[in-house]
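*Asks:* Task: produce atomic coordinates for the following.
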Amino acid sequence: MTFLDTLYAATLKDERWKLYFRGLSLTLQISLVGIAIGVVLGIAVAMVKVTAQGSKNPVLRGAASICNVYTTIIRGTPLMIQLLILYGFAWIPNGVIACFLGFGLNSGAYMSETFRSGIQSVDGGQMEAARSLGLTRWQAMRTVILPQAVKNMLPAIFNEFIVLVKETSVAGYIAVNELTKWASNIRNRTYDSTSLYLAALIYLLLTYILTQVLKVLERRFRKSDRN
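*Replies:* Predicted coordinates for the structure are as follows:
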C-alpha cells in the first residue's frame, strides 16, 4: 500500500477522522475537569499546610498530616495504577468518572506544592500588615496572600494543564476512548500505525498552541508587574 492508501484508511475510510475529534474532545474534557479539581484541591491542601506551620491547633496539625500523607501517596505512585484502583471501585459508574477523579487527585497533589511555594514566596510583611488590621490568619491568607500567589502561579497552572493533556493517553487502560485509544483502535482495524502518527501529531499541535498561549500570558504578567 502507498502512503496515500494508508492515510486514506486511517482517516477518510468509514469517516474515521471523526473518531480523532471524538477522542480529542474527551481528552480535553478530562484535562479541563482534572485541572479544575486539581487547582481547588491544591489550594486547599497548600493553605492547610502553610497555616499549620507553627500552629499549636491539634485539628489543624492533624489536617496537615493527612495532607502530607495524600501528597506522598499520590506523588509516589504511578498515575496509571491510581486510575486502575479508582476504576475498580464499585461506586464509580464508568471510566470517564474515574479519570475525572484520578487526574484531579493526581493534579491536586502536584499543584499543592506549587501553591505552597507560591504562597510562601509572598512577602511575609503582608501577612503581618493584614493581621495588624484585625484580620485573622485565615482571612489574611484568603484575601491578601492567596490572590497574589494565584496570580504568580497562573503560568504553572497552565503548564500543568499542558501536562495533563498528554497524560490522558493512559486513560485507555480503563476503557476510556480518548485520542490515543481511538488511534489504537483504528490501527487494529487497518493493521497500520499511521493512526498513531496522526494522534502524535495532534498532541504535538495542541501542546504547541497551548505553549504559545502560555508564553503570551507570561509576557503579559511580566508587563503588568513592571507597571
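*Asks:* Give me the pLDDT value at the residue nearest the centre of the chain.
*Replies:* Centrality entry for the chain: nearest residue to the mean C-alpha point is residue 35, 3.7 Å, by Cα atoms, centre = their mean. pLDDT for residue 35: 95.
*Asks:* distance of it from residue 156?
*Replies:* Distance, residue 35 to residue 156, by Cβ to Cβ, to the nearest Å: 11 Å. C-beta coordinates here come from the backbone N, C-alpha and C atoms, glycine included.
*Asks:* other SSEs contacting the helix or strand where residue 125 lies?
*Replies:* Using DSSP states H and E, residue 125 maps to helix 124-132. Packing contacts for helix 124-132, counted by 3 or more Cβ pairs under 8 Å, 6 or more residues apart in numbering; DSSP states H and E, involve helix 137-140.
*Asks:* Would you mind listing the buried residues in the helix it packs on?
*Replies:* Residues residue 140 are the ones in helix 137-140 that count as buried (16 or more other Cβ atoms under 10 Å).
*Asks:* just checking, next helix/strand downstream of the lengthiest helix in the chain?
*Replies:* For the chain, the longest helix by residue count, based on DSSP state H, is helix 17-52. Downstream of helix 17-52, the next assigned helix or strand under DSSP H and E is helix 58-76.
*Asks:* tell me the average confidence for that following helix?
*Replies:* Mean predicted lDDT for helix 58-76 stands at 93.
*Asks:* Ok, stretch 5-25 next?
*Replies:* Mean pLDDT, computed over stretch 5-25, is 91.
*Asks:* Any buried residues in that stretch, and which?
*Replies:* In terms of neighbour count (16+ other Cβ under 10 Å), stretch 5-25 has its buried residues at 6-7, 9-11, 16, 19-20, 23-24.
*Asks:* got TSV for those, with distance to residue 221 too?
*Replies:* Formatted as TSV, these follow (distance: Cβ to Cβ, whole Å):
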residue	distance to residue 221
6	45
7	42
9	46
10	41
11	40
16	42
19	38
20	34
23	33
24	29
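*Asks:* now, among the residues you listed, which is nearest to residue 174?
*Replies:* The closest of the buried residues of stretch 5-25 to residue 174 turns out to be residue 23 (Cβ to Cβ; 14.7 Å).
*Asks:* quick one, what contacts the closest one?
*Replies:* By Cβ atoms under 8 Å, 6 or more residues apart in numbering, the contact set of residue 23 is 177-183, 199.
*Asks:* do residue 111 as well
*Replies:* So residue 111 contacts 38-39, 41-43, 46, 157, 160 (Cβ under 8 Å, 6+ apart).
*Asks:* Residue 9: helix or strand, and which one exactly?
*Replies:* Assigned by DSSP H and E, residue 9 falls in helix 3-11.
*Asks:* residue contacts, the residue nearest to residue 176 when sequence neighbours are not counted?
*Replies:* Counting by Cβ to Cβ, 6 or more residues apart in numbering, residue 176 lies nearest to residue 95, which is 4.2 Å off, once chain neighbours are set aside. Residue 95 makes contact with 87, 171, 174-176, according to Cβ under 8 Å, 6+ apart.
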